[in-house]
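[1] okay, structure incoming, though there's no sequence with it:
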């Protein structure tokens with residue numbers, strides 16, 4: 001909607017570099033016209049050191065030695081919950097020790113529950129519906145799996161990594177700017193469920209060897225995606241913008257004073 005006003009804008013901000021490329025193509029201007037400032041997350045709210053684990057596993061009667069893969073999103077076409085269940089089925093064929101939790105409501109919730117039955121996953125998938133206690137639920141996950149068809153960058157990725165939860169995701173939007181091989185995997189959007197399942201199994205295998213991957217997830221957010229970093233970036237931008245406006249005003253006022261002065 002802002003495309004018509006693009007030439008009137010002094011500065012333009014997007015939440016990731018992928019959106020900068022997209023917006024530049026839509027507006028027919030250089031990518032450098034847009035500044036990417038990642039939105040980040042609250043690392044105090046989403047902290048494995050302060051959030052008590054056990055809520056989700058208690059609901060599922062799931063012991064700690066069982067691995068838990070999660071979905072956190074609105075259940076609609078964009079988030080692809082039915083494909084997500086196909087990935088779960090691929091994992092389940094080879095490893096019955098892995099369970100699954102789908103957190104979120106939406107128009108495809110009923111279809112997802114029916115698909116789980118058809119895939120014979122009803123004993124392995126727990127549907128949580130809409131929840132507000134996301135930090136507590138994330139504390140019990142071993143891997144966040146996302147198969148979205150398109151994204152900006154989902155907040156769930158920041159939140160999961162901040163809680164020390166690795167992420168396996170489709171290459172949607174700016175997700176690749178956050179998820180590296182040290183903290184998970186990125187796959188093509190059209191990758192087959194079997195490929196997603198392979199990467200989830202790799203993550204779970206690394207977690208079984210120790211907590212190093214979890215520490216790297218947390219550290220990546222602390223170093224690059226804290227909400228305070230976003231706030232500081234915007235403060236710096238607005239202070240710079242104000243300085244530019246002040247300079248323009250001073251120049252204009254100076255010119256007016258010169259014009260009002262007598263030439264004799």
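    Great, that's in hand. All figures in this text were calculated on a predicted structure; none of them were measured in a lab. Numbering: from 1, shown residues only.
[2] ok, how many other residues are close to residue 128?
    18 (other CB atoms under 10 Å). (C-beta placed from N, C-alpha, C; glycine too.)
[3] does it sit in a helix, a strand or a coil?
    Secondary structure, DSSP: H, G, I helix; E, B strand; the rest coil: residue 128 is strand.
[4] list the contacts for it?
    56, 59, 101-104, 137 (CB atoms under 8 Å, 6 or more residues apart in numbering).
[5] list phi and psi for residue 186.
    Main-chain torsions, residue 186, degrees, to the nearest 10: phi -120, psi 130.
[6] surely it meets residue 173?
    No. Look at residue 186 against residue 173 with CB atoms under 8 Å: they stay out of range, at 11.0 Å.
[7] one step back: nearest to residue 90, of the contacts of residue 128?
    residue 102 (15.9 Å; CB to CB).
[8] specify the local secondary structure of that closest one.
    Strictly by three-state DSSP, residue 102 counts as strand.
[9] then residue 69?
    Classified using three-state DSSP, residue 69 is strand.
[10] which pLDDT value goes with it?
    Looking at residue 69, its pLDDT is 98.
[11] that one bridge partners, please.
    Assessed by DSSP bridges, residue 69 has beta-bridge partners residue 100, residue 143.
[12] and the gap between it and residue 85?
    Relative to residue 85, residue 69 is positioned 11 Å away (CB to CB, to the nearest Å).
[13] what sits in contact with each of these two?
    By CB under 8 Å, 6+ apart, no residue touches both residue 69 and residue 85.
[14] quick one: distance of stretch 103-111 to the chain centre.
    19 Å (CA atoms, centre = their mean, to the nearest Å).
[15] what is the end-to-end distance of it?
    14 Å (CA to CA, to the nearest Å).
[16] what does that stretch rub up against?
    Applying CB under 8 Å, 6+ apart, the external contacts of stretch 103-111 come out as 70-77, 79, 81-82, 127-131, 134, 137.
[17] how about it: buried residues?
    Applying a neighbour-count criterion of 16 or more other CB atoms under 10 Å, one finds 103-104, 106, 108-109 buried in stretch 103-111.
[18] thinking again about what came up before, ok, of the contacts of stretch 103-111, which come out buried?
    Buried among these (16+ other CB under 10 Å): 70-73, 75, 79, 81-82, 127-128, 134, 137.
[19] can you pull the poorly scored residue ranges out of the chain?
    1-11, 13-25, 35-37, 243-250, 254, 256, 258, 261-264 (pLDDT under 70).
[20] how about the strands in it?
    Applying DSSP state E to the chain gives strands spanning 12-14, 34-36, 67-72, 98-103, 125-129, 143-146, 167-170, 184-187.
[21] can you tell me which of those is nearest to residue 252?
    The nearest among those, by CB to CB, is strand 12-14 at 24.3 Å.
[22] returning to that earlier point: redo the strands of the chain as CSV? Include distance to residue 219.
    CSV is the format used below for these (distance: least, CB to CB, whole Å):
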stretch, distance to residue 219
strand 12-14, 25
strand 34-36, 21
strand 67-72, 21
strand 98-103, 25
strand 125-129, 28
strand 143-146, 17
strand 167-170, 14
strand 184-187, 14
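[23] return the most buried member of these.
    strand 143-146 (a mean of 27; mean count of other CB atoms under 10 Å).
[24] give me the contact list for that strand.
    Under CB under 8 Å, 6+ apart, the answer for strand 143-146 is 67-73, 79, 84, 87, 138, 154, 156-157, 160, 165-170, 172, 175, 184, 196, 200, 203-204, 207.
[25] doesn't residue 199 make contact with residue 90?
    No. Using CB under 8 Å as the test, residue 90 is too far from residue 199 to be in contact (10.9 Å).
[26] touching both of those two, which residues are there?
    Going by CB under 8 Å, 6+ apart, no residue sits against residue 90 while also sitting against residue 199.
[27] that older thread, and the contacts of residue 128, which two are the farthest apart?
    Largest pairwise distance in the contacts of residue 128, by CB to CB, is 15.1 Å, between 59 and 104.
[28] report how many residues lie close to residue 58.
    Residue 58, neighbours per other CB under 10 Å, totals 10.
[29] I am finished for the moment; much appreciated.
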